[in-house]
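Peer 1: 3D model of this:
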Amino acid sequence: MSKAPKYSYRVVEKRNNTWTAEIQRQATSKKKVVSKRQTSFASEDEGIAWAKVELEKILVNHIERNKRHDEERAEQYQEKLKKAELAAAQASLEVSEEATATEEEENTSFALTEEQQLKAIADLQELEQLENDDDDKESAAKPKFDFEVELEEAELAEKEALKKAKAKKSKKADVADADDDALTADGSDQVNDIYLQK
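Peer 2: Numbers count the residues shown, from 1 in each chain. From the prediction side, this is the model:
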């Protein structure tokens, strides 16, 4: 693996007798990308001074970001270790429960002590709590994209429209039922011949 620095700078003279300073990042082994650029320096020394200051700022930010990522990775590793330990404890508890059940069938007098049972129950509760915390973290930390928000709003609007349509339909049905029981045009209580023919 190459030991070449990831960031470097370059100062170039332009046609109008000014200098341009660039901070470059090594993207691949053969490709460099300009991260920052400043133009119109009167001399090469001014460009170099600016480039050195900006390069130092970028490197400090890069180091701090790497430290944060290392800490996050360490925390994730510790959580994985805890989960693995709890899973091992749960597996050993299940094995001991199976062994207890088989021994009870064979009429042996082996059983977990009350202290061991309480420890196993506490381990199981801690495992469940960690799993719940992980689910909460994932759902809370996961940002929603604009299209997800729009989809949810569209679904809600569609549900509201369906509710309104159902309410309208049931109103029409109620009105139709009421019309069936309504008086005829002459005011009598008899039902129209049309309804009788059906």
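Peer 1: per-residue pLDDT, residue 13?
Peer 2: Listed pLDDT for residue 13 reads 91.
Peer 1: burial of residue 23, as a residue count?
Peer 2: 21 (other C-beta atoms under 10 Å). (Each C-beta comes from the backbone N, C-alpha and C, glycine too.)
Peer 1: Residue 17 too?
Peer 2: 8.
Peer 1: Am I right that it falls within a strand?
Peer 2: No: counting by DSSP: H, G, I helix; E, B strand; the rest coil, residue 17 is not found in a strand; it is coil.
Peer 1: which stretches of this structure form strands?
Peer 2: Assigned by DSSP state E, the strands in the chain fall at 7-13, 19-26, 32-41.
Peer 1: okay, the ones you listed, which one's buried deepest?
Peer 2: Scoring these by mean neighbour count under mean count of other C-beta atoms under 10 Å gives strand 19-26 as the most buried, with a mean of 19.
Peer 1: That one versus strand 7-13: what angle between them?
Peer 2: 150 degrees (axes from the mean of the first three to the mean of the last three C-alpha atoms, to 10 degrees).
Peer 1: Could you figure out how far strand 19-26 is turned away from strand 32-41?
Peer 2: Calculated by the same axes, to 10 degrees, strand 19-26 forms an angle of 160 degrees with strand 32-41.
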